[in-house]
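*Asks:* sharing a model prediction with you, sequence too.
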Amino acid sequence: MRYRSRVTAPAAVLIGTTAALTGGNTAYAGAQDAGVKTGAGPAPETLGDPVFPALGNDGYRVTAYHLDFSYDPTTALVDATATLELRTAQALSRFSLDSLGLDIHTVRVDGRTAAFEQVDEKLRITPGRPLPARARVTVCVTYTADPRRTLPHTAWVPTPDGFAVCPQPDSAHTVFPCNDHPSDKADLTCRITVPAALRAVASGSLVCTERLAGDRTAYTYRSRSPIATELVQITVGDYVVKERRGPHGLPLRDVVPTARAEALEPALALTPGLVEWIEARLGAYPFETYGLLPCNSDAPNAFDFTGLETQTLTLYKPNFLLQEEKKIGSHMMHELVHSWFGNSVSPATWADLWLNEGHADFYGLLYRYERGWTDSLGYSTFEDRMKFTYGLGDQWRQDSGPVAAPNAVNLFDNQRYTGGVLVLYALRQVVGEDVFHAIERCFLDRHRNSSATTEDYIAVASKVSGQDLSGFLRDWLYGTKTPRMPGHPDWTVTPPKTQLASPHSRRGGHWHENSATL
């Protein structure tokens, strides 16, 4: 759901070595020698993701991020401090954070100055003394970020009055140094200082507002549930925060450009009804609040998606939300469903993305057809849309691979969206509607506030249904040919033609236009 630029940043920004690492640095050499003596070594600079193998570091897990941002509208720069609380998985002489395009000033480990270097998309840190295994460690990084900097990929969305961020899938580390992978969820606190004329908002709930000297205000937000880096939202602008109540008193808050608040109200008013509908199927909303963030930008290249499910706030293009309900309601449901599938239960690897997008489209389409809204292809029933999609099954498997086996180029193709819906439809055909809903709720309950694999979903489906569904679901998820559709022996698959590139496929672009709910 984020865009990539074709122009890279200057080499001095992306690849640099601090003065602390110049030749003959005795502290660095001493730390290396101590590491040899204690058996500590560098941590693996990967979490082994099959789609993005360069992401993450396997030598530790993050328990909390504390971000302190200060935005200067005259320079449009952000001065920041990121404090990470880690727990080491092994003895470490060196470890890394994912980082790109950040001008790093200082690094401290447990209060002591640490040597560091920036190489490719890693911030390599060498503490003054090796870190023992299973140790609790605090890492503090000070840096400056330029939201308008040209990078190979970025999460920053500059606006005329500030910025928003869209980190998915692998760009959170252009906003703050982190272990940038959804399998390493952590607590989050964000403090953002802005001129008094602007408003800052972040994922979670507002816990503190400070009036500071120089006519500035600091807003502190805290997430009550652990959050994946790709779901973090931090935004600054000329906003009004509109509050209302959802089902069971759920606090809803929308972060709306002041000048657009009245025009956007009809769309914002839909949220309580959407929450009520999906709660009846998936259970209580899993977080402390929900709302929409219509980003204050009309630039066609601001971002290349319609909506993005950052945790507790869905980022949207404002003009999309100005349409009538039947044009936006299904997609608003899609993004809301991500609060359960994708946010509360995150993908353990990016190959598990179909769990997010397939479920979001599944319920988004159900919502559409219940209301009698014809879809973009002219279909008015779920069954007719699935029959059409079934016919494309082999073509999509040839063009984009199996549903649960994407790569970085085709990650956000139709196969992960409507192809995922087809898998869920087939499962419901086998087990029946009641058992299907029981599977959904059990999976969400079992993996809440964590991450889960495709195999985890298969295991829950088999246990709840009382039958071994592993072969059935693996054929649907990993097979190179589309299986027969249960209950529809007359449905046929059209033989594939020469491989056709998806019209929305490109490395690093998250085209939510592949969603069937639009």
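*Replies:* Sure, I can see it.
*Asks:* from W476, how far out is G487?
*Replies:* Using Cβ to Cβ, to the nearest Å, G487 is found at 14 Å from W476. (Each C-beta comes from the backbone N, C-alpha and C, glycine too.)
*Asks:* which of those two has more residues huddled nearby?
*Replies:* Per other Cβ atoms under 10 Å, whichever of G487 and W476 has more neighbours is W476, with 24 against 12.
*Asks:* and whichever strand or helix holds H334, what does it pack against?
*Replies:* Assessed by DSSP states H and E, H334 sits inside helix 325-337. The contact analysis (3 or more Cβ pairs under 8 Å, 6 or more residues apart in numbering; DSSP states H and E) places helix 325-337 against helix 261-268, helix 271-282, strand 307-308, strand 314-316, helix 353-370.
*Asks:* run the chain-centre distance for that helix.
*Replies:* 18 Å (Cα atoms, centre = their mean, to the nearest Å).
*Asks:* how about stretch 347-366?
*Replies:* The answer for stretch 347-366 is 12 Å, by Cα atoms, centre = their mean.
*Asks:* dump that stretch to CSV, keeping only the CA atoms.
*Replies:* Extracted in CSV, the C-alpha atoms of stretch 347-366 (Å, rounded to 0.1, in the frame of the first residue of the first chain):
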residue,chain,number,x,y,z
PRO,A,347,0.6,-12.3,9.0
ALA,A,348,3.6,-14.2,10.4
THR,A,349,5.3,-13.7,7.0
TRP,A,350,4.3,-11.7,3.9
ALA,A,351,3.5,-14.9,2.1
ASP,A,352,0.5,-15.1,4.5
LEU,A,353,-0.9,-11.9,3.1
TRP,A,354,-4.0,-13.7,1.7
LEU,A,355,-5.2,-14.1,5.3
ASN,A,356,-5.5,-10.3,5.4
GLU,A,357,-6.7,-9.4,2.0
GLY,A,358,-8.8,-12.5,1.3
HIS,A,359,-10.8,-12.0,4.5
ALA,A,360,-11.2,-8.3,4.0
ASP,A,361,-12.6,-8.8,0.5
PHE,A,362,-14.7,-11.8,1.6
TYR,A,363,-16.7,-9.7,4.1
GLY,A,364,-16.6,-6.6,2.0
LEU,A,365,-18.3,-8.4,-0.8
LEU,A,366,-20.8,-10.0,1.5
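*Asks:* in CSV, list the helices and strands packed on helix 325-337 along with mean pLDDT, distance to G39 and mean neighbour count.
*Replies:* Formatted as CSV, these follow (pLDDT from 0 to 100; distance: least, Cβ to Cβ, whole Å; neighbours: other Cβ atoms under 10 Å):
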stretch, mean pLDDT, distance to G39, mean neighbour count
helix 261-268, 98, 57, 16
helix 271-282, 98, 47, 17
strand 307-308, 91, 44, 28
strand 314-316, 96, 46, 24
helix 353-370, 98, 38, 24
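*Asks:* those into TSV, with extra columns for distance to Q323?
*Replies:* As requested, the helices and strands packed on helix 325-337 are exported to TSV (distance: least, Cβ to Cβ, whole Å):
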stretch	distance to Q323
helix 261-268	8
helix 271-282	15
strand 307-308	13
strand 314-316	11
helix 353-370	14
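*Asks:* which ones are touching L123?
*Replies:* S96, L97, D98, S99, L102, I104, V107, F116, E117, V141, P177 (Cβ atoms under 8 Å, 6 or more residues apart in numbering).
*Asks:* which SS class is the second one?
*Replies:* In three-state terms, and counting by DSSP: H, G, I helix; E, B strand; the rest coil, L97 is strand.
*Asks:* quick one, grab the pLDDT at it.
*Replies:* For L97, the model assigns a pLDDT of 98.
*Asks:* report how many residues lie close to it.
*Replies:* 29.
*Asks:* can you name the residues that contact it?
*Replies:* By Cβ under 8 Å, 6+ apart, L97 lies in contact with N57, L84, K122, L123, I125, V139, V141, H173, P177, C178, N179.
*Asks:* just the ones of these in helices?
*Replies:* With DSSP state H as the criterion, helices contain none of those.
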